[in-house]
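Asker: Can you look at this prediction? I've put the sequence above it.
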There are 2 protein chains.
Amino acid sequence: MDIREKIMQMKAMAPNMAASSHDKRNQALSIAKQRLLEEKEAIFLANKTDMEAAEADGATDALKKRLRFDEAKLADVCRGIDRLIELPDPIGNIELCRELDEGLVLKRICVPIGVLGVIFEARPDALVQIASLCIKSGNCAVLKGGSETKATNAIWFSLMEEAVVSAELPALALVQADSHSDIDELLTLDEAVDLIIPRGSNGFVRYIMEHTSIPVMGHADGICHMYIDKTADPGKVIPLVLDGKLQYTAACNATETLLIDRDYPAEARDALFDALRKANITVHGDEKLVDAFGFLPLGEDGFAHEYLEPELSVRFVDGVEEAVDHINTYGSHHTDAILSEDPDACDYFLKMVDSAGVYQNASTRFSDGFRYGFGAEVGISTGKLHARGPVGLFGLCTYKYTLVGDGHIVGDYASGKAAFHFRDLSLVILADNP
Amino acid sequence: MDIREKIMQMKAMAPNMAASSHDKRNQALSIAKQRLLEEKEAIFLANKTDMEAAEADGATDALKKRLRFDEAKLADVCRGIDRLIELPDPIGNIELCRELDEGLVLKRICVPIGVLGVIFEARPDALVQIASLCIKSGNCAVLKGGSETKATNAIWFSLMEEAVVSAELPALALVQADSHSDIDELLTLDEAVDLIIPRGSNGFVRYIMEHTSIPVMGHADGICHMYIDKTADPGKVIPLVLDGKLQYTAACNATETLLIDRDYPAEARDALFDALRKANITVHGDEKLVDAFGFLPLGEDGFAHEYLEPELSVRFVDGVEEAVDHINTYGSHHTDAILSEDPDACDYFLKMVDSAGVYQNASTRFSDGFRYGFGAEVGISTGKLHARGPVGLFGLCTYKYTLVGDGHIVGDYASGKAAFHFRDLSLVILADNP
């Protein structure tokens, strides 16, 4: 069966996956976790094969660090699966229940999106995270991993598929795509695939967006800001900035630009610049800052630059309003933070910054599905439609309206023979929203 | 100021509109309603101008009927505005409130999408409905109406704009686009416009979708089905089918295909066919049905045809499973109904049909924002992402995550110095969800 046929069959059985019980979906996750632990030596071995191939290919240390899969990462993966199992079933959740008229009841019910195509670059645990989220949310998924994690992905996929089959979920709920030509085929199947989720470099995501008419959820740039207000607590500022920039420089939620209030005390500011220097962070600024502080000039794209390295842009601003304008103009609507002890400035910032994540006195690095308590994420969306920020279960669901009547016709309401009364009935809401 | 400058300014002040108080937004709606009533004679006069132009252009009776704006339609418009005013404010609603760790609180907060471009064809009250929804939801909107309602739109727009300004909302929250070149400009402004909503014919919607990289919400086809189960109550079937097909044949939620269970009693079936004949509904079917019942053959696109006329496709199926397969294969995921007295068949249908609206013993014509109690709609979406079905306030909102900490850094969680505890705090949910 070629990839096209597999995906068409997947589409046809997607409603069965959507209608599967929460028990079966959780059971698949339990089995998956158990099998991952049982097969951990085989997984580490596969990872070693991938690492050796990367080594032979002259991979950078950063890439090798990202590729490595060890006991600690396995523990994270298992914790993520446990968290997912704990989370309530999003599917079937009734978001609205309204009696339109006597005996005519409208419900808005949470359902899976259907068929997802997830294409991801090097990160050895991506496949498990994504497959787990898809299973929990009743979605079907075509999974395509990067060639850098080929051996690891092969074993992951076989274990996840085994778990799906053991739990008596539809076997074609997960399909692995192997080659570039599989991706090309996937991107054309707009009748069968509801959503493409690419995870990888900017260039990779842009390529996907430009080569399909299927909706794409993801983000290209992550230009995250920290604004240091005049009232910021200098004792918090330095650890926050260093964490935002350095905790994982290659991440999309790493801080790329510091906006510093001109009224932030000079002494505290100099201490911050000292700390940046000691941490070997290269600082860029406009001409005045180059002259005054010996910073490097900004690059061609000015403040709209994502370094993904121990480098930062710095700009002085006149208060929170100018900071917000800067962020809404040059940012990528990903995650932006204010460091401030002034509640009014914080309120203004949280309300006016138009980003998926808007933070107060917290590192931009928190923008992540695990850290939000979602168990896992399929990626982070900077689009404003459907899902924003880290996408966990909630972002993999949509809804449908059901209307149950007893022969109700619209003509009676148009003629005035009947009238709507719109009475909202008891609403079932998840206490802990996924 | 040309349209591009206006839209760029609109984008810049969209966060102000988003942060405006519910009182001001409701006040703008009250003023709008009052002004519409005060100026009703001028509105009827403008509508007369549009009607005369249509007449001179040789408009069909159907078009003229759609264009006419009278006291009854004015009353509907006012009822819609009243309903919108009554609805709770969606903006600022906290959908999730989770303590990640001591003093580190994550919230998911409902916010407006931002800047919408709404392009609509002939229907004289569309502008008011759309502008009202945008005001209530804190969105900014570029509005472009069809040339058939030029005079009516001009007066509508000036009244709505006046209401916005009187309520001290940002003046550029609403902008009217006048020409085709304005639309072309709008479609290129992907940095400023968050969403395009086209309302009109299939060809029109497809044109928009193909000419912009801005997300588009809407639908091209409305191929809605009624499945008549063997247990269907014949007393309900005929009124439901006639209502679904005839109550407004040009609507996207009109029924286009009847699927009839082979075991539906022959007598009841013949009575139904008689009723169709008496109502002058042209029936199409496959070769066997052409021979057996004198139906017309199907057209080139077979069962995937939207008539928008008093015409229907008919097919016999073997029970609910075949009906569901047919709908998921040939339908447009808009609105589909089962007519049945068998709870199991109904459950199966409601669960397995992958459409925005799935109905039981109710006419497909109910699929509409007014009838769902949304006060108004900007259109109906057959996409699965973001909004599905009639789009009211709820579909014009998105969310952002706020995270408030006190100097929290990710490094402490990576090193094990701190740990997340994910405690969901009291959740504020609207009792009557818009």
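Answerer: Received the coordinates, thanks. Source: prediction; values computed, not measured.

Asker: Tell me the strands beside the longest strand along chain A, with direction?
Answerer: The strand of greatest length in chain A, counted in residues with DSSP state E as the criterion, is given as strand A:397-408. Based on DSSP bridges, the strands next to strand A:397-408 in the sheet, each with its direction, are strand A:104-112 (antiparallel), strand B:357-362 (parallel).

Asker: Other residues contacting the helix or strand following that strand?
Answerer: Remark: after strand A:397-408, the chain's next helix or strand is helix A:411-414, criterion DSSP states H and E. Contacting residues not belonging to helix A:411-414 are listed as A:101, A:417-420, B:239, B:243, B:247, B:371 [CB atoms under 8 Å, 6 or more residues apart in numbering or on different chains]. Heads up, the C-betas are built off the backbone N, CA and C, glycines and all.

Asker: Weed out the non-buried ones from these.
Answerer: Of all the contacts of helix A:411-414 considered here, the ones buried according to neighbour count by 16 or more other CB atoms under 10 Å in any protein chain shown are A:101, A:418, A:420, B:239, B:243, B:247, B:371.

Asker: what helix or strand does the second one sit in?
Answerer: What it means is A:Ala418. For A:Ala418, there is no host helix or strand (DSSP H and E).

Asker: so how many other residues sit close to the nearest residue to it once chain neighbours are set aside?
Answerer: Nearest non-adjacent residue to A:Ala418, counting by CB to CB, 6 or more residues apart in numbering or on different chains: A:Asp412, 4.1 Å away. As a burial measure, A:Asp412 scores 16 neighbours (other CB atoms under 10 Å in any protein chain shown).

Asker: same check, this time on A:His386
Answerer: Residues within reach of A:His386, counting by other CB under 10 Å, total 22.

Asker: State the distance from it to chain B.
Answerer: Counting by CB to the nearest CB, to the nearest Å, the gap between A:His386 and chain B amounts to 4 Å.

Asker: Ramachandran coordinates for that residue?
Answerer: The phi and psi values for A:His386, taken as degrees, to the nearest 10, are phi 70, psi -70.

Asker: can you check the one 3 residues further on too?
Answerer: Per-residue torsions, A:Gly389: phi 80, psi -160 (degrees, to the nearest 10).

Asker: Same question for A:Ala62.
Answerer: Dihedral angles of A:Ala62 (phi, psi; degrees, to the nearest 10) stand at phi -60, psi -50.

Asker: Spatially, what comes nearest to it if we skip its sequence neighbours?
Answerer: When the adjacent residues along the chain are set aside, A:Ala62 lies closest to A:Ala250, with 6.0 Å between them (CB to CB, 6+ apart).

Asker: From what I see, that neighbour and A:Pro310 are in contact.
Answerer: No - with contacts counted by CB atoms under 8 Å, A:Ala250 stays clear of A:Pro310, the gap being 10.5 Å.

Asker: Any idea what whatever residue of the stretch 51-200 of chain A ends up closest to chain B is bridged to?
Answerer: Distances between the stretch 51-200 of chain A and chain B by CB to the nearest CB are smallest at A:Leu96, namely 4.6 Å. Taking DSSP bridges as the rule, A:Leu96 bridges to A:Arg108.

Asker: Quick one: end-to-end length of stretch A:403-423, please.
Answerer: Start to finish, the residues bounding stretch A:403-423 are 14 Å apart (CA to CA, to the nearest Å).

Asker: nearest to A:Gly302, of the buried ones among the contacts of helix A:411-414?
Answerer: The closest of the buried ones among the contacts of helix A:411-414 to A:Gly302 turns out to be B:Arg371 (CB to CB; 51.1 Å).

Asker: Surely the closest one and A:Asp101 touch.
Answerer: No - B:Arg371 sits out of contact with A:Asp101 when judged by CB under 8 Å, with a separation of 9.5 Å.

Asker: Now do the shared contacts for these two.
Answerer: The overlap between the contact sets of B:Arg371 and A:Asp101 (CB under 8 Å, 6+ apart) consists of A:413, A:420.

Asker: For chain A, give me the ranges with low pLDDT.
Answerer: Along chain A, the model assigns pLDDT under 70 to residues A:122, A:426-434.

Asker: Please repeat the previous calculation with a cut-off of 80.
Answerer: A:62, A:121-123, A:202, A:218-220, A:426-434 (pLDDT under 80).

Asker: domains for it, by residue range?
Answerer: Chain A resolves into domains spanning A:3-90+A:113-218+A:383-396, A:224-366 when parsed by automatic domain parsing.

Asker: As TSV, those domains with distance to B:Pro198 would be great.
Answerer: Rendered in TSV, the data for the domains of chain A read as follows (distance: least, CB to CB, whole Å):
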stretch	distance to B:Pro198
domain A:3-90+A:113-218+A:383-396	15
domain A:224-366	24
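
Asker: Need the distance between the two termini of stretch A:129-146.
Answerer: With CA to CA, one end of stretch A:129-146 sits 15 Å from the other.

Asker: still on that earlier bit, give me the subset of the buried ones among the contacts of helix A:411-414 lying in strands.
Answerer: Residues of the buried ones among the contacts of helix A:411-414 located in strands (DSSP E): A:Asp101.

Asker: Which of the buried ones among the contacts of helix A:411-414 sits closest to A:Pro234?
Answerer: Out of the buried ones among the contacts of helix A:411-414, the one with the shortest distance to A:Pro234 is B:Arg371. That distance is 58.7 Å, counting by CB to CB.
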